[in-house]
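Visitor: I would like to see how this sequence folds:
(chains A and B)
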2 protein chains.
Amino acid sequence: MRALVHVTLKPDVLDPQGKAIQHACSSLGYGAVEEVRQGKLFEVALSANSEEAARKVLAELSEKLLANPVIEDYEIVRIEA
Amino acid sequence: MRALVHVTLKPDVLDPQGKAIQHACSSLGYGAVEEVRQGKLFEVALSANSEEAARKVLAELSEKLLANPVIEDYEIVRIEA
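Guide: Numbering: from 1, shown residues only, chains lettered A, B, ... in the order given. Below you'll find the predicted structure:
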């Protein structure tokens, strides 16, 4: 199965990298860009008997390894066979 | 408008970071994880008159700033008012 996981900073956590990108947009003449926040995505291929089993493994992995639950949220965006 | 852009390594580009994560999964007991590839995501807030105009700006930005078109692909995943 193939899955896609998004990891983003929690809304109240500052994102200096996103801020820098937003400034760079302005410098390039794209003043219409008001805010940029950067996150991570993970494309995961895994073997599992069911979507439910895959989701369980992905949730555990996200909490232990892919995201820092103190400052980041994760979302299992899709799982496909 | 708010948009989401995915930036991923092209399929034939090696991803040592993803490989390291996959090894870490194995070490944590998740042998079912066969492959991990890491990418970036950008949440962009921008002002535009139409979805089409926003898409044009985002495509330009992705090619100039968010992605390295030599080794990375980008996808404008969604644009919402």
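Visitor: CA only for contacts and neighbour counts going forward, please
Guide: OK.
Visitor: what residues are up against A:Ile76?
Guide: A:3-6, A:55, A:58-59 (CA atoms under 8 Å, 6 or more residues apart in numbering or on different chains).
Visitor: Could you measure from it over to chain B?
Guide: 14 Å (CA to the nearest CA, to the nearest Å).
Visitor: ditto for A:Glu43
Guide: 5 Å.
Visitor: that older thread, need the contacts of A:Ile76 in TSV with pLDDT, can you?
Guide: Formatted as TSV, the contacts of A:Ile76 follow (pLDDT from 0 to 100):
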residue	pLDDT
A:Ala3	98
A:Leu4	98
A:Val5	98
A:His6	98
A:Arg55	97
A:Leu58	97
A:Ala59	97
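Visitor: Just give me the closest of those to chain B.
Guide: For the contacts of A:Ile76, the residue nearest chain B by CA to the nearest CA is A:His6; the value is 7.9 Å.
Visitor: and that closest one, how many neighbours?
Guide: A:His6 has 22 neighbours, counted by other CA atoms under 10 Å in any protein chain shown.
Visitor: about what we covered before: ok, of the contacts of A:Ile76, which come out buried?
Guide: With neighbours counted by 16 or more other CA atoms under 10 Å in any protein chain shown, the contacts of A:Ile76 contain buried members at A:3-6, A:55, A:58-59.
Visitor: follow-up on the earlier one: so which of the contacts of A:Ile76 reach chain B?
Guide: Residues of the contacts of A:Ile76 in contact with chain B (CA under 8 Å from any CA of the partner chain): A:His6.
Visitor: Now, the buried ones among the contacts of A:Ile76 that are in helices?
Guide: Using DSSP state H, A:55, A:58-59 are the members of those that sit in helices.
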